[in-house]
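Student: sequence? don't have it. structure:
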């Protein structure tokens, strides 16, 4: 017994003994200066607090997967890193006819897919219009792995018909009417009616282009095998730990000085879940950037960022495309009453919540509409009249709703998920204010995220907390939450995304007009009008607009922050730093 | 002996079956819809229905349970098609019309969230957790027994008091507090001296190369091992004190044996029995309970995978991981029963 113990002990010592001369840091490859003061080389190390779900373009539904896939794949269009404008991706140019229903795309020539075993000789072949047709046809084919049909549903001619006839593995006899390959590098799309969102849809992960060979060879395994045309090649995946992307030597991009893109030798994505650990790793220089900083350290971070910027990197803030709401079930017996909804809306002091409860961690109090302010240039969300604290109005509407004070009302359950303690603290304050201002009794029901999402969609919750983030940069991403045409009249049936079950035909008509608008200005005008209309009905309570913080090391250049944490690493480069003090 | 092992194995199978049924029903009464957790913001209703159908979530509960057990059972009935054969890798025993009776390795299905095979998820993650639990246990046992013996020999002295107080603290501090403290103190503030990282796994990519970094094991395993160590100190101490007062110890001393031989050969060997019982139970529970440690130190292991799966309602992963841990419990218990007989001949195995 003792002998065995001794053996185990000595084995343990040997195991612990070796490998200790490794310092665990990623050594930067030496930086090489190119044209125009740009440097090539270096590994960018970034962290995601959540592991990716699936890298297959048609199955990408979570942000971490999107951010990894966006380096490997490209679509016809993409977003600019700085202000999220639509820019050309794989398209060299495109034309839209005057009726705005025919889009003709000319593809860049000489774009190669990544070298991969799925090709006959292992060498990536050139991308052609046929690849676009193949991917978009697959996107219109029903499958449990296809979560993106809505990109083309009722937009592209023949898409819904194709989807219908391709059910249960049938192969439809005809192609999709709206997709036409004109020549090797030209593809044309025909829409049912003008749609202002179509170009946006072509920039989103569902419409990334991949080769047929890859899907045929890997099938479901495309979740971790990626073959695209992007600036980086998926090199290694160590599940839950790290993803390594290395530079694509054949990438088609070139900068304005004639340097070949990308500059970086590679990207390493780590998956540290604990925010404090992540922050410590950043301070040790093991991460090049972190976003969403740990709340407990907020004060320390803001102080230090000002004091010692030299060694600390830069603290960047931007309004984020996310809004925190309280949503009513607008068809429930109690909240059907618009005056009652207004009473509650007027009784909440959003400014106090933001300042006292959240310590300023948020962009602005939610006194306008559902669309966050200062994000979409040309969309003047501040024009929208929302609700701020006004106790007199609150009491007036409560009386008008038929309740002279809160006493005659039952307790109102408010459902939320905890997300640390942040949500609970905010809702405690809401509860307190409703008691003080309207004598309303609210009970907080803290449930799991899974339960909350079930209760919200199925109509089991009447009053609940929602955090709503945009999935692409347009006010439509927010207005969509209130679009009522798809809401079932049976309140026990599931309703998504409009979990508020707000129905207003006038709003729906304006929203649809906005979608079909011929230019952005016209579209925004319709959307703004729709949003004003909806907010007058108080179908939701906007609490506050979110803010995104990130810390970034000084050596990182050309990597502007944006409101969506959208990332395009193709133009990012490092500059050499003076040696740190000993 | 063989019959004993056979009986215990059979008993183990019943426990596994019980686990399947209990976890299955707990999971089914949990509020929430797995499809909701899998679908994206823009996923249409038809796709949601397709997902539910593919996963069998639209079937009545008893059918779902039956199909799951059928997938799990080595002897099972499957459709006689190429797809089914590829899915289950079964060998046909005999054909029953359109279906076949077949034997196969238990099929744990694929994760709802990532579509990856659960068996792969477990085998990839178990290594990290095993080494973590093993080294933690090793640390706890060696240090715990040493300190416990020492404390028993110096009973009533200030060292004894300090150790006992220290171990009470060790038992009471929750692992997530301890983990955060350890990572911050030794992995960050003192990292220039200790050379340790505040996060990291056994295997890391440096540049583009995969390397074994064993020092990353030190902080998490000490953190995980501290509380069992404290318990072992207490157990060893009280058990030693009891044994040291026995007649045969006095006899050994009277024979003129060296004190060190009396303590280690005669006393400690007998005092270790309750300690082994405790230790054996913990190896399995540490494997299941390393979650916070894995979370704080960004360690890749079964604990964090399981918790994440519960959160996302990823039924196959929860089930697979639970069954795996149950299996580890059963096997360690069996081994402990056998080990008892070796350490203490007074225990007879029927």
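Tutor: Alright, I've got the coordinates. What you are looking at is a predicted structure, and each value in this text was computed from that prediction instead of being measured.

Student: all strands for chain B, in order.
Tutor: In chain B, the segments counted as strands under DSSP state E are B:75-79, B:91-96, B:99-103, B:203-206, B:209-212.

Student: repeat for the stretch 201-350 of chain A
Tutor: Ranges of strands in the stretch 201-350 of chain A, per DSSP state E, counting those that start in this stretch, are A:232-238, A:242-247, A:266-270, A:289-291, A:314-328.

Student: Distance to chain B added to those, as JSON lines?
Tutor: Quick note: C-beta positions are derived from backbone N, CA and C, even for glycine. Compiled in JSON lines, the strands of the stretch 201-350 of chain A are given as follows (distance: least, CB to the nearest CB, whole Å):
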{"stretch": "strand A:232-238", "distance to chain B": "7"}
{"stretch": "strand A:242-247", "distance to chain B": "5"}
{"stretch": "strand A:266-270", "distance to chain B": "6"}
{"stretch": "strand A:289-291", "distance to chain B": "13"}
{"stretch": "strand A:314-328", "distance to chain B": "13"}
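
Student: Rebuild those strands as TSV, extending it with mean neighbour count and mean pLDDT.
Tutor: As requested, the strands of the stretch 201-350 of chain A are exported to TSV (neighbours: other CB atoms under 10 Å in any protein chain shown; pLDDT from 0 to 100):
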stretch	mean neighbour count	mean pLDDT
strand A:232-238	20	93
strand A:242-247	22	94
strand A:266-270	23	94
strand A:289-291	21	93
strand A:314-328	21	92
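
Student: buried sites along the one helix or strand residue A:465 maps to?
Tutor: For residue A:465, the enclosing helix or strand under DSSP states H and E is strand A:463-469. Of the residues in strand A:463-469, A:463, A:464, A:465, A:466, A:468, A:469 count as buried by neighbour count, 16 or more other CB atoms under 10 Å in any protein chain shown.

Student: Cross-check the contact I'm expecting between the fifth one and residue A:480.
Tutor: No: taking CB atoms under 8 Å as the contact criterion, residue A:468 and residue A:480 are not neighbours in contact, 9.4 Å apart.

Student: Now residue A:102: phi and psi?
Tutor: Backbone torsions of residue A:102, given as degrees, to the nearest 10, read phi -120, psi 120.

Student: ok, now residue A:547?
Tutor: Dihedral angles (degrees, to the nearest 10) for residue A:547: phi -130, psi 140.

Student: Do I have it right that it meets residue A:363?
Tutor: Yes: counting by CB under 8 Å, residue A:547 touches residue A:363, with 4.0 Å between them.

Student: between these two, who's got more neighbours?
Tutor: residue A:363 (23 against 19; other CB atoms under 10 Å in any protein chain shown).

Student: wait, what's in contact with the more buried one?
Tutor: Shown in contact with residue A:363 (CB atoms under 8 Å, 6 or more residues apart in numbering or on different chains): A:319, A:320, A:372, A:373, A:374, A:544, A:545, A:546, A:547.

Student: Can you give me the distance of it to residue A:296?
Tutor: Residue A:363 sits 20 Å away from residue A:296, taking CB to CB, to the nearest Å as the criterion.

Student: do the same with residue B:18
Tutor: On the measure of CB to CB, residue B:18 and residue A:296 end up 43 Å apart.

Student: for residue A:225, same thing?
Tutor: Applying CB to CB, the value for residue A:225 to residue A:296 is 39 Å.

Student: ok, these two, which is more surrounded?
Tutor: For residue A:225 versus residue A:296, neighbours defined as other CB under 10 Å are more numerous around residue A:225 (19 against 12).

Student: That's all I had, so thanks and see you.
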